[in-house]
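Peer 1: Pasting the sequence and the predicted model now:
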Amino acid sequence: MTADLQYSDTEEALRDSVRRLFADRLPADVVVKAYESDAPDFSQVWRTLAAALGLAALLIPESLGGAGASEREAAVVCEEVGRAVAPVPFLSSAIIATAVLLRAGDTELLPQLAEGATTAALAVGLSATHPRPSATVGPDGAVSDRVTTVAGATDADVLIVPADGADGVELYAVRSDSPGVTVTPALALDMTRPLADLEFTDALGRRVGSGDGGDAVQAALLTGAALLASEQLGVAQWCLQTTLTYVKERRQFGRQIGSYQAIKHRLADLWLEVSSAGAAARYAADTAARGDADAEIAAHLAASYCGDVAVRAAEECIQLHGGIGMTWEYPAHLYLKRAKADQLALGNGYHHRARLAELVGLAPSSFGGNRR
């Protein structure tokens, strides 16, 4: 089956619903308050997205109460999350945690996630690519562990903890409000995606699925990286479109600044990069949805490219806006912070390029990867 990079009518309708919700509930002057000491509670926006719109159920089969959709539809939501810099745990709960539970064969927690009443997070650091389980589990299911910089943990009702068991990696579901669980907010560059450090001290957990959970964790992180590229695309598209609008309106020396050749060239280069990122992100989502043999290659390709493009687009957005782009009131800094944080999430560009080189039969040292 050939790749389809076009958006269907259903996907465009989904995009419209999500964009209207974010425009109504998460304008830039509200999102920027995430950086204040008395940050507002955005949980109701997430509940609306997850339950009222049913988007927490996208990747969950209909037999478990889900929508039975695919990574293509989830990627559209990710694009809009990036475009709005939305402070919602869609990536951590509806994608990564859901993918772990699906791969592990869970049938108890997934229906709860599908309803949108429960939110979950995988207890793995956001920058992790090959996490080594450090949790210990007693005979009664008491989990002890310490994990740092976990995304979505402050919003999660359930934490999925990988543990090193006798038959490989085992997964345990632990309620975040259980005795012995401590969730401590951690300092993060992007406060619209809060991180937290987790401490488990003989916290009662339930075994999730069977077999080696290590494969489930790796598969979920790969899915997360593939769809994170779509979020990065959304960030880059907002930056490009906003900058284009600005340079057409801003005048200096009696001319629109967008009429100057130097600015035209910079924006033309950026347009080409963002368009290429769109193709890479869409291909990653499409191959993941179809279970294509190229899915892993496409995921690493998109992750390695889209992260850099999002950062470049955000930097150009600030630079070409001039002084206003440097102000706290203008939302450009929100996009730069999200772009930089996403660039390091689920593996940096060097990691993805190195893995991509292995998959296509090249030695990592032969392609000149950038380690930043």
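Peer 2: The structure has been received and is ready for your questions. None of the values given here were measured: they were computed from a predicted structure.
Peer 1: just so I have it, where are all the helices in the stretch 251-372 of the chain?
Peer 2: Using DSSP state H, counting those that start in this stretch, the helices found in the stretch 251-372 of the chain span residues 261-290, 295-321, 332-344, 349-359.
Peer 1: Okay, buried residues for the second one please.
Peer 2: When neighbours are counted by 16 or more other C-beta atoms under 10 Å, the buried residues of helix 295-321 are found to be 295-318, 320-321. Using the backbone N, CA and C atoms, a C-beta is placed for each residue, glycine as well.
Peer 1: One more: stretch 342-357?
Peer 2: Neighbour count says stretch 342-357 has 342-349, 351-357 buried, by 16+ other C-beta under 10 Å.
Peer 1: so for that stretch, what's the average pLDDT?
Peer 2: Stretch 342-357 comes out with an average pLDDT of 93.
Peer 1: residues near Asp4, how many?
Peer 2: By other C-beta atoms under 10 Å, 13 other residues sit near Asp4.
Peer 1: How about the contacts made by Glu79?
Peer 2: Contact partners of Glu79, counting by C-beta atoms under 8 Å, 6 or more residues apart in numbering, are 15, 230-231, 233-234, 237, 281.
Peer 1: Leaving aside the residues adjacent along the chain, what's closest to it?
Peer 2: Gly234 (3.9 Å; C-beta to C-beta, 6 or more residues apart in numbering).
Peer 1: How far off centre is stretch 142-160?
Peer 2: With C-alpha atoms, centre = their mean, to the nearest Å as the basis, stretch 142-160 stands 17 Å off its chain's centre.
Peer 1: By neighbours, which of the contacts of Glu79 wins?
Peer 2: Ala281 (32 neighbours).
Peer 1: Quick check: that residue vs Gln6, distance?
Peer 2: Distance from Ala281 to Gln6, counting by C-beta to C-beta, to the nearest Å: 14 Å.
Peer 1: next one: Glu62
Peer 2: Glu62 is 25 Å from Gln6, by C-beta to C-beta.
Peer 1: Kindly report the same for Val274.
Peer 2: Counting by C-beta to C-beta, the separation of Val274 from Gln6 is 17 Å.
Peer 1: low-scoring stretches of the stretch 201-350 of the chain, by residue?
Peer 2: Where the stretch 201-350 of the chain drops to pLDDT under 70, the residues are 251, 254, 257-260.
Peer 1: residues near Ile96, how many?
Peer 2: Using other C-beta under 10 Å, Ile96 is surrounded by 29 other residues.
Peer 1: For it, list the residues it contacts.
Peer 2: When contacts are counted by C-beta under 8 Å, 6+ apart, Ile96 is found next to 121-122, 220-221, 223-224.
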